[in-house]
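K.L.:
give me a 3D structure for the following:
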Amino acid sequence: MSKSFPKLGQRGPLLTQKRQMKMARSAHAYVRGKTSRFYEWLGQADASLPHGPPVWICGDCHVSNIGPVANADGDVEVQIRDLDQTVIGNPAHDIVRLGLSLAMAARGSDLSGIVTAKMMEELIEGYEQALIGKPGSGRTIRQRPESIHLMVRKAIRRKWKHLAAERIEGIEPNIPLSRKYWPISADERRELKSLVASEAVRVLATALSRRDSKDQVRLLDAAYWVKGCSSLGLLRYAVLVQVGKDKDPESSLCLLDIKEASRSVAPRDSGAVMPKDNGERVVSGALHLSPHLGERMLAARFMGKAVFLRELLPQDLKIDIDHLSQSEAMDVAGYLGNVVGRAHGAQMSPEQREQWLKELGRNRSRTIDTPSWLWRSVVQLVQDHEGGYLEHCRRFAHVTA
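P.N.:
Presented below is the predicted three-dimensional model:
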């Protein structure tokens with residue numbers, strides 16, 4: 001990218017173009033960036049889906065939104081890692097969304113339809129296993145596949161220097177402007193400085209076990225962050241913060257991700273009581289679905305809009321299944337289903353888990369161990385999204401020609 005960066009009023013069109021470009025890269029990328037299309041289809045088919053007890057759901061439960069996440073003490077678990085769309089709703093929506101994501105990833109990796117069918121079987125079996133006992137007990141937890149196990153081990157070993165090299169392209173206490181980081185206006189910098197100076201942000205930044213809770217924090221640098229896909233165009237900032245006076249970057253440097261919280265497109269339960277503020281909604285969903293992440297998040301107001309903040313940690317990684325073998329893809333599908341099932345099941349009473357298991361067990365085919373509602377939904381969604389993806393590419397190619 002040249003030294004010329006867009007001004008505040010020019011961001012919108014450029015970010016829209018970048019979002020369209022990202023979604024054109026692959027059918028799976030289109031699925032990740034087109035949550036609204038998923039729920040448009042679901043609105044027509046929802047009557048055929050089972051309705052579980054209303055719990056906090058991810059709302060955008062695709063593969064890349066699950067991965068290793070660290071808590072404030074440095075413990076690492078695989079949990080849901082993106083809660084922008086979270087609502088109190090039907091847990092079946094997360095199952096179908098994850099099934100679609102797995103199926104599209106399998107097609108993009110040239111895995112056969114037979115493998116995709118087996119992945120759906122493993123997905124629902126892993127999910128159901130999470131509901132068969134007391135949340136957190138050994139019988140509810142599926143063993144990690146080797147690829148996931150290696151990723152967790154890698155996450156545990158990672159340090160600040162790894163995060164800095166990936167996120168800010170160096171270990172110096174600044175954020176170099178680039179195609180990913182754009183300059184901010186004087187008004188944005190002033191509001192960011194005020195936000196960082198608040199007691200709530202100080203508490204968040206000093207929450208990690210290796211920091212002193214009495215430490216003061218100050219803003220070192222900030223930039224507009226060109227990141228994400230469906231969220232491109234919303235406010236988003238990378239903010240580098242100094243915590244205390246220690247010179248060790250491992251404990252003194254803090255990289256905050258500040259992101260606008262917009263209204264979720266996922267349908268909510270009609271009787272659900274949720275925070276009206278979208279930032280508070282995201283944090284509440286995170287605390288229920290991904291405690292490791294939720295305890296590191298904060299809702300706030302910025303530039304008159306709802307936002308949420310989280311400190312990025314080196315241990316936070318996303319799962320990539322684009323290059324797995326057939327057997328590994330099936331194992332990962334079962335494991336991810338189990339992760340989502342445990343996040344849902346932890347919010348249910350024993351009676352609700354038992355009833356939900358019975359509901360999930362209905363309409364099983366004699367030839368395939370996947371509920372007919374899940375298999376039918378995934379097949380129809382794959383057809384719908386592949387057609388939508390090709391049409392998106394045709395339009396985008398015409399615009400960029």
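K.L.:
tell me where the stretch 101-250 of the chain has helices.
P.N.:
113-129, 146-157, 160-167, 186-196, 199-205, 249-252 (DSSP state H, counting those that start in this stretch).
K.L.:
residues in contact with the fifth one?
P.N.:
It stands for helix 199-205. 195, 211, 213, 215-217, 241, 243, 254, 256, 296-298, 300, 309, 311 (CB atoms under 8 Å, 6 or more residues apart in numbering). Where you see a C-beta, it was placed from the backbone N, CA and C, and this is true even at glycine.
K.L.:
which segments of this protein make up each domain?
P.N.:
8-156+321-400, 170-312 (automatic domain parsing).
K.L.:
most tightly packed of the helices of the stretch 101-250 of the chain?
P.N.:
Ranked by mean neighbour count under mean count of other CB atoms under 10 Å, the helices of the stretch 101-250 of the chain are led by helix 113-129, which reaches a mean of 21.
K.L.:
which strands and helices lie in contact with that helix?
P.N.:
With contacts taken as 3 or more CB pairs under 8 Å, 6 or more residues apart in numbering; DSSP states H and E, helix 113-129 sits against helix 91-108, helix 326-345, helix 350-360, helix 372-400.
K.L.:
could I get the ones you listed as a markdown table with mean neighbour count and mean pLDDT?
P.N.:
As requested, the helices and strands packed on helix 113-129 are arranged in a markdown table below (neighbours: other CB atoms under 10 Å; pLDDT from 0 to 100):
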| stretch | mean neighbour count | mean pLDDT |
| --- | --- | --- |
| helix 91-108 | 25 | 92 |
| helix 326-345 | 24 | 95 |
| helix 350-360 | 16 | 95 |
| helix 372-400 | 16 | 84 |
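K.L.:
any chance of those helices in TSV, with distance to R236 too?
P.N.:
Output for those, formatted as TSV (distance: least, CB to CB, whole Å):
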stretch	distance to R236
helix 91-108	23
helix 326-345	25
helix 350-360	36
helix 372-400	22
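K.L.:
residue ranges with poor pLDDT in the stretch 151-300 of the chain?
P.N.:
Applying pLDDT under 70 to the stretch 151-300 of the chain flags the ranges 169-172.
K.L.:
switch to 90 and redo it
P.N.:
Along the stretch 151-300 of the chain, segments meeting pLDDT under 90 span 160-174, 176, 179, 207-214, 227-234, 244-252.
K.L.:
for it, just list every one of the strands.
P.N.:
181-182, 217-225, 236-243, 253-260, 297-302 (DSSP state E, counting those that start in this stretch).
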